[in-house]
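Novice: how would this look folded up:
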Amino acid sequence: MSHVPVLYQEVLDGLQPHSSGMYIDGTIGAGGHAEGILTASAPDGRLMGLDADPEALLVAGQRLASFGERVLLAQANFRELAAVARKYKFESVDGILLDLGLSSMQLDTPERGFAFLQEGPLDMRFDPVQTTTAVDLVNRLSEADLADLIYRFGEEPASRRIARSIVARRPVHTTAELAEIVRRAVPGRHKRHPATRTFQALRIAVNDELEVLEEVLPQALALLKPGGRLAVITFHSLEDRLVKEFFRAEARGCVCPPELPDCVCDHVASLRIVTRRPLQPQEVEVQRNPRSRSAKLRIAEKMET
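Specialist: All right, here's what the predicted structure looks like:
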């Protein structure tokens, strides 16, 4: 399946790209959203795109080549957003997009180890120079730690049973092996593949995704100029909860504990929440791209402080 940008029109409507604007796509992937932003901000809008995956940057570079000097690409994890923005003079921007989902090309490349429906090594690294892979976690963690990881990052109620089955069959080296172990550990009929949550949990742990998200949100806010917008697409409840809580906290004035009689935090609201409820794909998009079904888009606008 070729890469299809999720919630494409909703992202463009939310970011409102315009000529002379400056934009950052912190997870450029195959460049679908970036292409739309650059087209909408013609003739002189500029975009900086980041991705930890060098293969994604190659694809994005080919797709966006016609925009010439209007686009700049950098291989970096978006936890380095502020440093990369300083380096390339993108320190006061009109919009930032963070699409936290896996791209179709990552899922459809068995050698990357993200998909349980294809045989491949248990890798799951966004950046291939990272040292820890999914095979390390599966084969080295204790049963208790593995169960905790699957429960915490996958919200899998059968995490202990799954961890017990994995440990009993170690070493495990491939995606197909792991998927079959999980399937046997939780027999019965399921709305989705029983290994979905386990693979999600391992991928999050390998790439430190939740901690990275917590680090990038305040960086993104600091880079926005007043009136600039931050759009974040999430694909599971753990990510969405972090984004929702960050937006709510930054949209409030005082954040002191309610038991304090007087405010001592001096916190000033810095965001206006644009999407009170997250935007989700319409049925026609889900039919065209089933992988979009769990996507949620939240948008906030930076206020004058």
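
Novice: next one, pLDDT for Ser115 please.
Specialist: Rather than Ser, residue 115 is Ala. Note on Ala115: pLDDT of 81.

Novice: tell me which residues of stretch 192-203 are tucked away?
Specialist: Of all the residues in stretch 192-203, those buried under the rule 16 or more other C-beta atoms under 10 Å are 194-203. Bear in mind the C-beta positions are built from the backbone N, C-alpha and C, glycine included.

Novice: helices along the stretch 201-305 of the chain, start to end?
Specialist: 209-223, 237-251, 283-288 (DSSP state H, counting those that start in this stretch).

Novice: how big is the angle separating the first one from helix 237-251?
Specialist: Meaning helix 209-223. 30 degrees (axes from the mean of the first three to the mean of the last three C-alpha atoms, to 10 degrees).

Novice: residues of helix 209-223 that come out buried?
Specialist: In helix 209-223, counting by 16+ other C-beta under 10 Å, buried: 209-210, 212-213, 215-217, 219-221, 223.

Novice: I'd like the average pLDDT over stretch 209-216.
Specialist: 96.

Novice: which residues touch that stretch?
Specialist: Outside stretch 209-216, the residues that touch it by C-beta atoms under 8 Å, 6 or more residues apart in numbering are 26, 77-79, 81, 98, 100, 153, 203-204, 238-239, 242-243, 246.

Novice: what lies in contact with stretch 177-186?
Specialist: Under C-beta under 8 Å, 6+ apart, the answer for stretch 177-186 is 116-117, 122, 138, 158, 161-162, 164-166, 169, 172, 193-195, 198-199.

Novice: sorry, wrong one. I was asking about stretch 40-52.
Specialist: 12, 17-29, 31, 34, 37-38, 57, 60, 64, 67, 70-78, 80-81, 84-85, 88, 90, 126-127, 207.

Novice: tell me the buried residues within those.
Specialist: 12, 17, 21-29, 31, 34, 37-38, 57, 60, 64, 67, 71-74, 76-78, 80-81, 84-85, 90, 126, 207.

Novice: out of those residues, which sit inside strands?
Specialist: When those are checked against strands (DSSP state E), the matches are 22-25, 71-74.

Novice: that older thread, any idea which of the contacts of stretch 209-216 is closest to Ala176?
Specialist: Minimum distance to Ala176 across the contacts of stretch 209-216 is 16.3 Å, recorded for Arg203 (C-beta to C-beta).

Novice: packing partners for the host helix or strand of Gln62?
Specialist: Gln62 belongs to helix 54-63 when elements are defined using DSSP states H and E. Counting contacts by 3 or more C-beta pairs under 8 Å, 6 or more residues apart in numbering; DSSP states H and E, helix 54-63 is packed against helix 32-40, strand 46-51, strand 71-75, helix 104-107.

Novice: mind listing what's buried along it?
Specialist: Those would be 56-57, 59-60, 63, for helix 54-63 by 16+ other C-beta under 10 Å.

Novice: reformat the residues you listed as CSV; add distance to His267.
Specialist: Formatted as CSV, those follow (distance: C-beta to C-beta, whole Å):
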residue, distance to His267
Ala56, 37
Leu57, 38
Val59, 41
Ala60, 37
Arg63, 41
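
Novice: need the contact list for the residue nearest the centre of the chain.
Specialist: Residue closest to the mean C-alpha point of the chain, counted by C-alpha atoms, centre = their mean, is Leu100 at 1.4 Å. By C-beta under 8 Å, 6+ apart, the residues touching Leu100 are 27, 209, 213, 232-235, 239.

Novice: next one: Leu57
Specialist: When contacts are counted by C-beta under 8 Å, 6+ apart, Leu57 touches 28, 49, 51, 73, 75.

Novice: at 7 Å what do you get?
Specialist: For Leu57, the contacting residues are 51, 73, 75, by C-beta atoms under 7 Å, 6 or more residues apart in numbering.

Novice: give the next helix or strand downstream of the worst-scoring helix or strand of the chain on mean pLDDT.
Specialist: In the chain, no helix or strand scores lower on mean pLDDT, DSSP states H and E than helix 104-107, which sits at a mean of 69. Using DSSP H and E, the next helix or strand after helix 104-107 towards the C-terminus is helix 134-140.

Novice: how far is that following helix from where the chain is centred?
Specialist: Mean-position distance between helix 134-140 and its chain equals 22 Å (C-alpha atoms, centre = their mean, to the nearest Å).
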